[in-house]
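Asker: Based on what follows, work out the 3D shape:
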Amino acid sequence: MKAKVDLDRKERLRITVRGAVQGVGFRPFVYRLAVEMGICGWVYNSPQGVFIEAEGERSRLQLFLARLKAENPPRSSIQSLETVHLDPVGYESFEIQVSRHSVGMTAVVMPDIATCPDCLAEIFDPANARFRYPFTNCTNCGPRFSIIESLPYDRARTTMKKFSMCDHCRREYEDPLDRRFHAQPNACPKCGPALSLWNESGRIIGERDEALLAACNAISAGKIVAVKGLGGFHLIVDARNNEAVERLRHLKVREEKPLAMMFPSLEAVEDCCLVDNIESALLVSPESPIVLLRRKADCKEIISDKVAPGNPYLGVMLPYTPLHHLMMKELRFPIVATSGNLSDEPICIDEHEAAQRLKGIADLFLVHDRPIARHVDDSVVRQMAGRGLVMRRARGYAPLPIHVKNELPPILAVGAHLKNTVAIAIGNQVVVSQHIGDLETAQAYEAFIDAQENLAGIYEFKPGRVACDLHPDYLSTNYARRLELPLTQVQHHHAHVLSCMAENEISPPALGISWDGAGYGLDGTIWGGEFLEIDDESFERFGHLRTFKLPGGDRAIVEPRRAAIGLLYEIFGDDLFDMTALACVKSFSKSELNGLRKMLQAGLNSPVTSSVGRLFDAISSIIGVRQVSHFEGQAAMELEHALDGHHTGEYYSIKIAVKENCRIVDWEPMVRQIIEDLQSLPSGRISAKFHNTLAGIIVEIAKLSERQRVVLSGGCFQNRYLTETAIERLRGDGLLPYWHQRIPPNDGGIALGQIMASSNFDGKERH
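Answerer: Okay, here's the model as predicted:
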């Protein structure tokens, strides 16, 4: 079910335009366009680009954005266009403001940018000197963050310093009228990086275009090819080939988690997936992320079932470098393009490292000699309530800063344990690193250290304080303690809410709803179903979900059936173990059930949680959707997918009690009704009623708090049905919902929240 979008509702857009947009008549163009369309606000130049604030009806703002991209002056070129939706402030006219000079940070490291139309035309023009050259770029596109070593951004401080420009490239680079004027990665076949093809032993078996063609032939023949791209390696196979995809899964140790795909063109995507205007704009944008798209019913005739088993969505991207464009032009069919790593490890960025780490997985290695300064994964985005929501922030988005209202002290934030990112505060900007990943392996921890050192090195940053999670056993927390800096430990869910508030530019007071899988609570239990009243300096726990035990601790994360047993034990006690008709009980042997009974009775290795993520797991198990997960969030994802086609306004009962001035949401009536419904309703309809109930809980607690601003954060709000339903219902009750846009709602946003919390006060967090 999609929430209704009010196109006539007034909004304010903060728009940051970067690229060739100064000295080309861009501001007068913006002014004329805004006046013509009846939009109010302002535009000005800064050393970081052109900044615009545009206020008007949502439908007009959408058209304004489209015309900005389509009708910009002939000499201008937009590298990136970033938007943030804000509350209107009541501008009465539109004006060109005086250009401004930044205080503090005077340079922004640009993210890597997808190939522009001009460069694309050149690589497919037989008469052009860069015909079929896979490293073609200009001022408007190409590598940035993945090659820069330090500021200021010039060739000598990038990984391109080893390549001396030929006379032709040097003339382009020095000509102010050329689009390659000061394009630091500028190169051509005579003077730039080149491809080579290695066999499994690392021996060169092909070079330049011959290497590319041989790699494409191998992919067509069902082989696995490791390809060195922009920010690291991809493992590539034919997405139509069941055997090839299954072999890749087995070797990569990735049993069921969906694999990312690359299609030759937008038209090819539309043959396989349902794509609306917002999703198509994301696919062809300069950021060129992986976009989650609903597959069509007949997609199985095109794509192997092994790409995303049992999942109605596919993660899809288009070619974004000349190398990818050339490969897809040869292949003309969809490919799997998944990260070049083993599960839980960072992607490989060096060809010699890849030859070792990916040995036994890849049959061939298509590599090049342009060094990659740091790993940069593909970003992942899905449409949410009429706009894009970044779920993994990396290529195309990182490290563009998040602007905040006040000047910040120099703070380093080391983020969470899962989906880790780090961040630094410089002036009134927070620079959040690219996605690092789960700190579960030595390689991931090393990437975590490297990311901090990289940001500090680029910006010559020296922190005066470090912020970390409250959890005492996180590797990131222990690292922060060893830095011998003033330390702020920030409660996990407080950080979630503050990150969403920061990117939406809203100040306290607000009600923060932070729902996820786990976070260390102030009382030593596992939080995850939190309602937090946010004030200027800290927060109060206004409410939470009723707690239950997780028998087996961490094992309950990968076995939803354990969460179900813990949940049901709260209601039925030992009688639960006689309810053998329930799928979760049936999935265990008698001896296993006896072990669980003893564990719960004694409270051994059975931590207490209020987590909505674990509630999702428990319900998924109870209704028979998923008993054991093969990747994080699988049970919750499949519960969301199960409701497809079940459009209902029905919901279950819940109770809200007050204990020590804290509202406790009691899910027991809902669980009892779900068990009754198992006798007569399909799992999809039960799932729909469950989701509707959660959205209703959000609204009820929000109304009790009497705070108009309601902030939705945490991994559970990656769930589109839940988020859009909650937004629609909150608005229907006159409340103002806020959700994430360019910063992930999952733990990838924690570092930003830690910065914001640490900037408010010194020492350990108060509550």
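
Asker: mind checking the longest helix of the protein?
Answerer: Assignment by DSSP state H gives helix 683-705 as the longest helix of the chain.

Asker: Next up, the contacts around residue 189.
Answerer: The contact partners of residue 189, taken as CB atoms under 8 Å, 6 or more residues apart in numbering, are 129, 130, 133, 208. Glycine gets a C-beta too; all of them are placed from N, C-alpha and C.

Asker: does the third one sit in a helix, a strand or a coil?
Answerer: In this case it means residue 133. Secondary structure, DSSP: H, G, I helix; E, B strand; the rest coil: residue 133 is coil.

Asker: I'd assumed residue 323 was in contact with it.
Answerer: No. If you go by CB atoms under 8 Å, residue 133 and residue 323 don't touch, sitting 9.6 Å apart.

Asker: can you pull out the helices in the stretch 601-750 of the chain?
Answerer: 612-622, 634-642, 668-677, 683-705, 720-732, 750-758 (DSSP state H, counting those that start in this stretch).

Asker: any chance of those helices in CSV, with mean pLDDT and mean neighbour count too?
Answerer: Converted to CSV, those look like this (pLDDT from 0 to 100; neighbours: other CB atoms under 10 Å):
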stretch, mean pLDDT, mean neighbour count
helix 612-622, 98, 28
helix 634-642, 96, 23
helix 668-677, 98, 17
helix 683-705, 98, 21
helix 720-732, 97, 21
helix 750-758, 97, 31
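
Asker: tell me the angle the longest helix of the chain makes with helix 720-732.
Answerer: Computed by axes from the mean of the first three to the mean of the last three CA atoms, to 10 degrees, the angle separating helix 683-705 from helix 720-732 equals 40 degrees.

Asker: quick check: angle from helix 683-705 to helix 668-677?
Answerer: Helix 683-705 runs at 170 degrees relative to helix 668-677, counting by the same axes, to 10 degrees.

Asker: Report the separation between residue 714 and residue 521.
Answerer: Taken as CB to CB, to the nearest Å, the spacing of residue 714 relative to residue 521 amounts to 14 Å.

Asker: So for the two, which residue has more residues nearby?
Answerer: Between residue 714 and residue 521, counted using other CB atoms under 10 Å, residue 714 has the larger neighbour count: 29 against 22.

Asker: what's near enough to touch that one?
Answerer: Residues near residue 714 by CB under 8 Å, 6+ apart: 493, 496, 513, 514, 515, 516, 528, 612, 745, 746.

Asker: And the chain, what are its domain boundaries?
Answerer: 10-96, 195-368, 543-738 (automatic domain parsing).

Asker: tell me the mean pLDDT for the second one?
Answerer: Right, the one you point to is domain 195-368. The average pLDDT within domain 195-368 is 96.

Asker: got it, and stretch 479-496?
Answerer: Here the average pLDDT along stretch 479-496 is 97.

Asker: For it, buried residues please.
Answerer: 479-480, 485, 487-496 (16 or more other CB atoms under 10 Å).

Asker: Check stretch 455-470 too.
Answerer: By 16+ other CB under 10 Å, the buried positions in stretch 455-470 come out as 455, 458, 459, 461, 463, 465, 466, 467, 468, 469, 470.

Asker: Ok, stretch 330-339 next?
Answerer: For stretch 330-339, by 16+ other CB under 10 Å, it's 331, 333, 334, 335, 336, 337, 338, 339.

Asker: Now do the contacts for the residue nearest to the first one when sequence neighbours are not counted.
Answerer: Sequence neighbours aside, residue 216 is the residue nearest to residue 331 in space, at 5.5 Å (criterion: CB to CB, 6 or more residues apart in numbering). Contact partners of residue 216, counting by CB under 8 Å, 6+ apart, are 327, 330, 331.

Asker: Ends of stretch 569-587, what's the gap?
Answerer: By CA to CA, to the nearest Å, the extent of stretch 569-587 from end to end equals 16 Å.

Asker: ok, back up a step: among the contacts of residue 714, which are located in strands?
Answerer: When DSSP state E defines the strands, the subset of these inside them is 513, 514, 515, 516, 528.

Asker: quick one: which of those is nearest residue 345?
Answerer: residue 516 (23.6 Å; CB to CB).

Asker: Residue 128 versus the nearest residue to that closest one once chain neighbours are set aside, what's the distance?
Answerer: Spatial nearest neighbour of residue 516, excluding adjacent residues (CB to CB, 6+ apart): residue 714 at 3.7 Å. Per CB to CB, residue 714 is found 50 Å from residue 128.

Asker: neighbours around residue 93, how many?
Answerer: Using other CB under 10 Å, residue 93 has 10 neighbouring residues.

Asker: partners of the nearest residue to it once chain neighbours are set aside in the sheet?
Answerer: Spatial nearest neighbour of residue 93, chain neighbours left out: residue 40 (5.8 Å); criterion: CB to CB, 6+ apart. On the basis of DSSP bridges, residue 40 is bridged to residue 55.

Asker: again, but for the one 10 residues further on
Answerer: Residues found in beta-bridge contact with residue 50 (criterion: DSSP bridges) are residue 17, residue 45.

Asker: wait, what's in contact with the closest residue to residue 685 other than its chain neighbours?
Answerer: Residue nearest to residue 685 in three dimensions, not counting chain neighbours: residue 646, with 4.7 Å by CB to CB, 6+ apart. Neighbouring residues of residue 646 by CB under 8 Å, 6+ apart: 682, 684, 685, 687, 688.

Asker: roughly how far apart are the second one and residue 648?
Answerer: By that I understand residue 684. 10 Å.

Asker: burial of residue 224, as a residue count?
Answerer: When neighbours are defined as other CB under 10 Å, residue 224 has 22 of them.

Asker: just to revisit the earlier point, which members of the contacts of residue 189 are the farthest-apart pair?
Answerer: Taking CB to CB, no two of these sit farther apart than 129 and 208, at 14.5 Å.

Asker: so residue 315 sits in a strand?
Answerer: Yes. Using three-state DSSP, the assignment for residue 315 is a strand.

Asker: what about it, distance to residue 686?
Answerer: Distance from residue 315 to residue 686, counting by CB to CB: 27 Å.

Asker: Kindly report the same for residue 517.
Answerer: When distance is defined by CB to CB, residue 517 is 21 Å away from residue 686.

Asker: for residue 9, same thing?
Answerer: Noted for residue 9: a distance of 34 Å to residue 686, by CB to CB.

Asker: And residue 178, by the same measure?
Answerer: Counting by CB to CB, the gap from residue 178 to residue 686 is 62 Å.

Asker: returning to what we had before: the residue nearest to residue 331 falls within a helix, correct?
Answerer: Yes. Assessed by three-state DSSP, residue 216 belongs to a helix.

Asker: Widest-spaced pair of the buried residues of stretch 330-339?
Answerer: Pairwise distances across the buried residues of stretch 330-339 peak at 20.8 Å for 333 and 339 (criterion: CB to CB).

Asker: Would you list the phi and psi of the closest residue to residue 425 other than its chain neighbours?
Answerer: In this structure, residue 425 finds its nearest non-sequential neighbour in residue 408, 3.9 Å apart by CB to CB, 6+ apart. Main-chain dihedrals, residue 408, degrees, to the nearest 10: phi -110, psi 150.
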